[in-house]
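Undergrad: Would you be able to build a 3D model of this:
(chains A, B and C)
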Amino acid sequence: MEEQTEEKLFGHFAVSAGRNFCLTYTISHHFSNLQVGSFVVVPMMRGKKEGEYIGVFLGLCEKPPFQCKDIIKKLEFVNSIPENLILMLKWLSEYYLSPLENFIALLAPSFIWNVNRHDMLEKRLQKLFVKNNNQYFLINENKSQQVKGEIKLPLRECIALNEEQNFIFQDIIESHPTVSLLHGVTGSGKTEVYLKLAQYFIQQNKNVLILVPEIALTPQMTSRFRAVFQNHLSILHSGLTSNEYEKEWFRIHYNLAKVVLGVRTSIFSLLENIALIIVDEEHDNSYKSQDIPFYQARDVAVLRAKKEGALCLLGSATPSVESMYNVKQGKYKYYSLQNKFSNNSVQAVIIDSKQNLNIPLKMKQGNYPLKSSQIAFNNDAISSEVFAVLKETKDRGEQSMVILNRRGYVNFSLCMACSQSLKCPRCSVSTTLHNNGSIEICHYCSFRVNTRKNCPSCLSPFLMTRGIGTQNIEEQIQRQIPELNIQRLDRDVLTSNSRLNDIIENFRNGNTDCLVGTQMLAKGHDFPNVTVVVVLHVEDSLFLPDFRASERTFQLLTQAMGRAGRGKHKGTLLLQSLILGHPVIELSLNNNVKDFIDRELNRRKLGFHPPYSRQILFEIRQSNKGKAMVLAHKIKDYLVNFWKENSFEVNQIRLAGPYFATLEKLNNEFRVQICVSTIREIHPFKLIPKEIFHDKELLPHFKIDVDPYSFM
DNA sequence: AGCACGCCGACT
DNA sequence: GTCGGCGTGCTC
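TA: Take a look at the predicted model:
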């Protein structure tokens, strides 16, 4: 702020304070050791008070047309972010059309960004680490690094591979494929290959990063890695307490961890000298960030590996269509592991749900299509065959699983007088009834109310519940088979990580006979005594308005089959469905991945869907319905004019919308979407005019999702 | 995120 | 007039 600003340097800084900003500050001469990626303390006005905040130096810049403040100091207990990582984030910020500072914010957790807690933080760090010759060391190494719920396994220095696994291991270390896809069902031994590769690179004095979906962070997975890598392993997930997370983050940052095992955001961990990045269950949707900044961690993994000269290994029992396409294009090397207990030993039985249907006689002629709310199921929606099989399974001393992709008790409540359902007052969706039907919860905004006794629109008390959720299924099965020991597993039950571990432990050691839940059940876990898996209402996921609906259904069914065929016994998959003979169901039951991928790629080529196109989804939110649509049209005009001016060819771009989203109203805001599909050769950056981001009227009301995974 | 400003309706 | 509710805008 002094007069001598001419002599000072100006620089851009990413500052995080609730929202992330890119601000300009002056740098005094005594900050000679400041480099791109350094953490600094900066002053910033918050209302009338000036506070201190944390910023990351992004680079020098010209003198701006406004007054700038001086940076206060450089943080010494945090190292600078490596420049190659900053460069990668710059690339990501261009590709995903999201400001760089939003990506910078992902590099460090909240305890770094909150300057008020730094005194305490530094005190705690002094008790944990000691600095010597610019190297950090852990002070009390012997203190147990065990994470709650982990099972202690005997130490296995030597990882024994079978012939097939060993061939893949050898081929990867000899031929060094930049990206490879390892296809093998859970239990076929992918983890051994991961472990062996990680061990190999650590012996070369390199580091390894492993990504897993949240749900796959089971005690088994972490225990196996812990047994091999012990205190060289750092595990990052949302279940850690803030102190545990802090310690793990600094262990990685201070170069004291060699293997990082973590969820989506771990792809941005400050691990250096990486030789290998593994993405386990690469098809899993949890790798896609559904909010700002939007990114796909699996794709970032491929990019980071390329930029850092590391190998990238994607593993899955049900590879994504995108990855299989890259295999076909020769971009990814393909490896396949056969299962010892192949899916072929699973017998699939399809039960026709239509026999349970009860269509009301009073339906008016010509009033089709029928709404699901107008159709009732006899026998409470579960076929008698299902009950019989569950009972027989218990009598044989074996276990079963029932999967229904809908949590809650009943789906919704319908007024018989005016045909309106009980709706969330803030969102355009019906509420879901929970806790035996006593409370209504909105699954989108968490609105919660005691179940209303009268219809809000016509005040009629004649309300009828329709649809069925996991809570109800659990209750129905319990009523039919009282001796069956049932446990439910879905997002409603999961209040804590230890709860998940308890449920899984109880099931594995046989205290529970039958696990009822959402598709969460189908993922990852290894239960050898499960011989029967029931999937209810498959058609629900098959016909969603999303081009990935068949892929997700195929994956769900394949994984469900995998769950049933893990042990020595022959497994059974019971499928209760309204539709019979659908090719996607047939192909998954026959375990025919090749034909499914071919069919799917063909469909996507015809429909101009990814991987044959790249999509950019605009979402406009406004509390006024009409204004929302007006704003959306403004965006469309920007786009269409820009494409015309830059003479893009018509067959290279498709624009859909603006239209109101399936979830038209969310949290009292109306949602309008515009979906742009283009040929993959055009970078998203070149397709969107910059004016959109500088338009003050538009800016607060829209989000851009590049490569979207959700279209609701 | 926070904090201030400003616009509008209710009340001395 | 003016108190205060909250919608909107700014932080170098």
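
Undergrad: List, one by one, the residues from chain A near DNA strand B.
TA: A:17-19, A:46-49 (CB under 7 Å from any atom of the strand). Glycine gets a C-beta too; all of them are placed from N, C-alpha and C.

Undergrad: what about A:Arg46, how many residues close to it?
TA: A:Arg46: 10 surrounding residues under other CB atoms under 10 Å.

Undergrad: hmm, I was thinking of A:Ile274
TA: 20.

Undergrad: same deal with the one 3 residues further on?
TA: The burial count assigned to A:Ile277 is 28, neighbours taken as other CB under 10 Å.

Undergrad: Quick check: bridge partners of it?
TA: Taking DSSP bridges, one obtains A:Leu209, A:Cys312 as the residues bridged to A:Ile277.

Undergrad: Show the model's pLDDT score for it.
TA: Listed pLDDT for A:Ile277 reads 98.

Undergrad: DNA strand B versus that one, what's the distance?
TA: Using CB to the nearest atom of the strand, to the nearest Å, A:Ile277 is found at 32 Å from DNA strand B.

Undergrad: ok, that residue - contacts?
TA: By CB atoms under 8 Å, 6 or more residues apart in numbering, the contact set of A:Ile277 is A:208-211, A:267, A:301, A:304-305, A:310-313.

Undergrad: just to revisit the earlier point, weed out the non-buried ones from the residues of chain A next to DNA strand B.
TA: A:Ala17 (16 or more other CB atoms under 10 Å).

Undergrad: ok, the residues of chain A next to DNA strand B vs A:Asn435, which is closest?
TA: Using CB to CB, A:Gly18 comes nearest to A:Asn435 of the residues of chain A next to DNA strand B, at 34.7 Å.

Undergrad: rewinding a little: which two of the contacts of A:Ile277 have the greatest separation?
TA: Going by CB to CB, the pair spanning the contacts of A:Ile277 furthest: A:Ile267 and A:Leu311, at 15.0 Å.

Undergrad: related to what we said a few turns ago, can you redo the residues of chain A next to DNA strand B as a markdown table with pLDDT?
TA: A markdown table is the format used below for those (pLDDT from 0 to 100):
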| residue | pLDDT |
| --- | --- |
| A:Ala17 | 87 |
| A:Gly18 | 82 |
| A:Arg19 | 87 |
| A:Arg46 | 84 |
| A:Gly47 | 76 |
| A:Lys48 | 78 |
| A:Lys49 | 82 |
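
Undergrad: Check the residues of chain A next to DNA strand B and tell me the two furthest apart.
TA: Of all pairs drawn from the residues of chain A next to DNA strand B, the one with the longest distance (CB to CB) is A:Arg19 and A:Lys48, at 18.9 Å.

Undergrad: What residues does the nearest residue to A:Phe137 once chain neighbours are set aside make contact with?
TA: Leaving aside its sequence neighbours, A:Phe137 sits nearest to A:Val130 (CB to CB, 6 or more residues apart in numbering; 5.2 Å). Counting by CB under 8 Å, 6+ apart, A:Val130 makes contact with A:136-137, A:139.

Undergrad: Of those, select the buried ones using a PyMOL command.
TA: Burial among the contacts of A:Val130 is assessed by 16+ other CB under 10 Å; the matching PyMOL selection reads:
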select buried, chain A and resi 136
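
Undergrad: Mind checking which of the contacts of A:Val130 land in strands?
TA: Secondary structure from DSSP state E places A:136-137 of those in strands.

Undergrad: now for the helix or strand encompassing A:Leu390, which elements pack on it?
TA: Assigned by DSSP states H and E, A:Leu390 falls within helix A:384-395. Counting contacts by 3 or more CB pairs under 8 Å, 6 or more residues apart in numbering; DSSP states H and E, helix A:384-395 is packed against strand A:346-352, strand A:399-403, helix A:470-480, strand A:514-517, strand A:530-536, strand A:571-577.

Undergrad: at 6 Å what do you get?
TA: Judged by 3 or more CB pairs under 6 Å, 6 or more residues apart in numbering; DSSP states H and E, helix A:384-395 is in contact with strand A:530-536.

Undergrad: quick one: terminal-to-terminal distance for stretch A:158-166?
TA: Terminal residues of stretch A:158-166 lie 13 Å apart, using CA to CA, to the nearest Å.

Undergrad: got the buried residues for it?
TA: A:159, A:161, A:164-165.

Undergrad: Output the longest helix belonging to chain A.
TA: helix A:625-645 (DSSP state H).

Undergrad: what lines up beside the helix or strand following that helix in the sheet?
TA: Counting by DSSP H and E, the element after helix A:625-645 in chain order, helix or strand, is strand A:653-666. Paired neighbours of strand A:653-666 in the sheet (DSSP bridges): strand A:669-678 (antiparallel).

Undergrad: Tell me where the stretch 501-650 of chain A is predicted with low confidence.
TA: A:524, A:566-568 (pLDDT under 70).

Undergrad: Any chance you could list what contacts the longest helix of chain A?
TA: The contact list for helix A:625-645, computed with CB atoms under 6 Å, 6 or more residues apart in numbering, reads A:618, A:620, A:622, A:658, A:670, A:672, A:674, A:689, A:692, A:701.

Undergrad: centre of the chain versus it, how much separation?
TA: A distance of 30 Å separates the centroid of the chain from that of helix A:625-645, by CA atoms, centre = their mean, to the nearest Å.

Undergrad: can you check stretch A:185-195 too?
TA: Relative to the mean C-alpha coordinate of its chain, stretch A:185-195 is positioned 21 Å out (CA atoms, centre = their mean).

Undergrad: for stretch A:682-697, same thing?
TA: Distance, centroid of stretch A:682-697 to centroid of chain: 27 Å (CA atoms, centre = their mean).

Undergrad: Show me what it is in contact with.
TA: By CB under 6 Å, 6+ apart, stretch A:682-697 touches A:94, A:97, A:616, A:638, A:642, A:706.

Undergrad: Number of residues surrounding the nearest residue to A:Leu107 once chain neighbours are set aside?
TA: Distance criterion CB to CB, 6+ apart; nearest residue to A:Leu107, sequence neighbours excluded, is A:Phe268 at 5.4 Å. Using other CB under 10 Å, A:Phe268 has 23 neighbouring residues.

Undergrad: separation between A:Phe268 and DNA strand B?
TA: 20 Å.

Undergrad: swap in A:Leu601?
TA: As defined by CB to the nearest atom of the strand, A:Leu601 lies at a distance of 41 Å from DNA strand B.
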